[in-house]
Every structure is written in C-alpha cells, then in structure tokens.
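K.L.:
With the sequence up front, the predicted model follows.
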Amino acid sequence: MTRIIVLPHWELCPEGAVLEAEPGTTLCDALLDNGIDIEHACEKSCACTTCHVVLREGFQSLEPAEEEEEDLLDKAWGLEPTSRLSCQARVGDTPLVVEIPKYTINMAREGKH
C-alpha cells in the first residue's frame, strides 16, 4: 500500500487526510474510496477537469500524462507544472502529497458545454 497525504481543502477535507492506496489505483478512486468526494463530472473518462489535483510530492513517480490528459489540463483552473487529472494518475510505490485546488471548472454544470 502507498501512503497519500491529502492537504486540507476547505470543503472536501478541512483537516486534510492520510490514506493508503493499492498501487495501480487512480488517485480519484483512492480519494473517493476514503470519503473525499472529489468532483468527477465525466465519470472518470478523461473528458473534463473537475478531478484536477496538484502533486506537491511524488509527481515524478507517476507515469507521464497521455496527450488527451495534457490537453484537458490546459483548461484546468489553477494549473501548475505538477497538475494531473486524478482519474488518470495511477498510484505507484512512492508516497504522494496531493492538493485539491480551491476551485474547479465544471463546464456542463456552468452551462458552457
């Protein structure tokens, strides 16, 4: 099991969290399985940016993002060099520190689809 530290998020986990995930699990599934209700409007199909996270530690241990994910990340609010879509990033053996951005862009919900 791999340790994931989730930094405090004002709404989803105000105290932060420390979780364990099986290598190969997506970050999105690890968060959801541990009661952190991260948005995933496209049902984890790599078609939106609502599950965007920023890796504060462990980014280099993840498999590189596919082109489709990179294209979507360009539209994410608060994009950083270590941003990933949590539905696409799979946990490896290296511990991770994850920050969930303060905001997310849900184009369907905001009427921009």
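P.N.:
Received it, and whenever you're ready, just let me know what you need. Everything numeric in this text was worked out from a predicted model, so none of it was measured.
K.L.:
Local confidence estimate at the residue positioned nearest the centre of the chain?
P.N.:
The centroid of the chain falls nearest to Ser86 when counting by Cα atoms, centre = their mean (2.9 Å). pLDDT recorded at Ser86 is 97.
K.L.:
quick one, strands of this structure?
P.N.:
In the chain, the strands defined using DSSP state E lie at 2-6, 17-21, 52-57, 83-85, 96-99.
K.L.:
quick one: the residue nearest to the centre of the chain from Thr26, how far?
P.N.:
6 Å (Cβ to Cβ, to the nearest Å). C-beta: built from backbone N, CA, C; applies to glycine.
K.L.:
Confirm for me that Glu69 is in contact with Cys46.
P.N.:
Yes. Contact criterion Cβ atoms under 8 Å: Glu69 and Cys46 qualify, at 5.9 Å.
K.L.:
which residues are common contacts for the two?
P.N.:
Residues within reach of Glu69 and of Cys46 at once, by Cβ atoms under 8 Å, 6 or more residues apart in numbering, are Leu85, Gln88.
K.L.:
shaky segments in the protein?
P.N.:
Low-confidence segments of the chain, defined by pLDDT under 70, span residues 106-113.
K.L.:
if you set the cut-off to 50 instead, what comes out?
P.N.:
108-113 (pLDDT under 50).
K.L.:
tell me the contacts of the spatially closest residue to Ala41 that is not a sequence neighbour?
P.N.:
Nearest non-adjacent residue to Ala41, counting by Cβ to Cβ, 6 or more residues apart in numbering: Thr50, 4.4 Å away. Residues near Thr50 by Cβ under 8 Å, 6+ apart: Ile38, Glu39, His40, Ala41, Cys42, Thr104, Ile105, Asn106.
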